[in-house]
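K.L.:
Structure of the sequence below:
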Amino acid sequence: MRKVSLICLTLAAGILLATSAVARDTGSQDVLRLSDAVLEDGEWKVAVHVLNEQELAGMDIPIRFGRQGDAIELIRVDFADRVVDWDFTYAQIDNEAKTVILGLISEIVGTRASADLKVAVHGGTQVATLVFRVDDGYQPEFETFTTKSPGHALTFLYTQYENGKPYVGETSPEFEVDVDFESGAATLPKEYALSQNFPNPFNPSTSFTLSLPVASDYSIRIFNVAGQLVKSFDGHAEAGVHEVLWHGTNNQGSHVASGAYFYRAEAGGFKETRKMMLLK
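P.N.:
Residues are numbered from 1 along each chain as shown. So this is what the prediction gives:
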């Protein structure tokens, strides 16, 4: 079994490193998604979302947003309120190479028992905004990349336990892009909305979207037919359409039984409940 024994920071170079780091699949479906391109005051803002079922201890996110000479420039990276309390957030921007490396760590020194509980990042939560200056007519090409020295790769880090002892495990999330610099100016929803989940019935996973016309705190609760709380998603998100992915597990990580479930969303005074069916 491979383990991460320590997370190190090289502040002089602005580099996030994990020593003795070897990938270990945590068993959950993890996604890093770029979406919700919005034009404001001549700047294009692209949301960086994570979808996951475990609380994150850190992230290493290298992204290439074009090729040398392309008509795009990354002006800045704005980290979301959801991770503002993390001990380390860093953006290394290289507009010549058209790359950015985002590094986030919940806690640098493991002095607290549950560092990853400091901020819980759950399905569809925005962690940052990439702010671009783009020439008219340019369409983006986003991809992840890896480096060897220092080593970077798209990675989510989790605090895990074995025989009562904590260690940091890592997994490589999927990378998804839904960004259009031509139509993005009109993508903001005009009102709050909760979509019907798809697929429905489902097994083992399903997803639905929450539309926010303005930046809002949100709460999503999934209940069984007896009215018992099964799963919770809470957070703050920018205006846009946000996807929530449910793997049919409860708040303790156990898979739930077949049957009907109700999911309820609340945000900015908006409330709506829908029904879905899990069939095994």
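K.L.:
Glu96: neighbour count?
P.N.:
Using other CB atoms under 10 Å, Glu96 is surrounded by 7 other residues. For every residue, glycine as well, the C-beta is placed using N, CA and C.
K.L.:
List the contacts of the residue nearest to it when sequence neighbours are not counted.
P.N.:
In this structure, Glu96 finds its nearest non-sequential neighbour in Gln68, 6.4 Å apart by CB to CB, 6 or more residues apart in numbering. Residues in contact with Gln68 (CB atoms under 8 Å, 6 or more residues apart in numbering) are Glu96, Ala97, Lys98.
K.L.:
Against Phe145, how distant is the second one?
P.N.:
Distance check for Ala97 against Phe145: by CB to CB, to the nearest Å, it reads 10 Å.
K.L.:
Quick check: neighbours shared by those two?
P.N.:
Joint contacts of Ala97 and Phe145 (CB under 8 Å, 6+ apart) are Arg64.
K.L.:
The residue nearest to Glu96 in helix, strand or coil?
P.N.:
coil (DSSP: H, G, I helix; E, B strand; the rest coil).
K.L.:
And it, what's its pLDDT?
P.N.:
Per-residue confidence at Gln68 stands at 89 (pLDDT).
K.L.:
burial measure for the residue nearest to Gly235 when sequence neighbours are not counted, as a count.
P.N.:
Leaving aside its sequence neighbours, Gly235 sits nearest to Thr125 (CB to CB, 6+ apart; 4.8 Å). Close neighbours of Thr125, defined as other CB under 10 Å, add up to 25.
K.L.:
contacting residues around the residue nearest to Tyr263 when sequence neighbours are not counted?
P.N.:
Distance criterion CB to CB, 6+ apart; nearest residue to Tyr263, sequence neighbours excluded, is Ile222 at 4.8 Å. Counting by CB under 8 Å, 6+ apart, Ile222 touches Leu229, Val230, Lys231, Ser232, Trp246, Tyr261, Phe262, Tyr263, Arg264.
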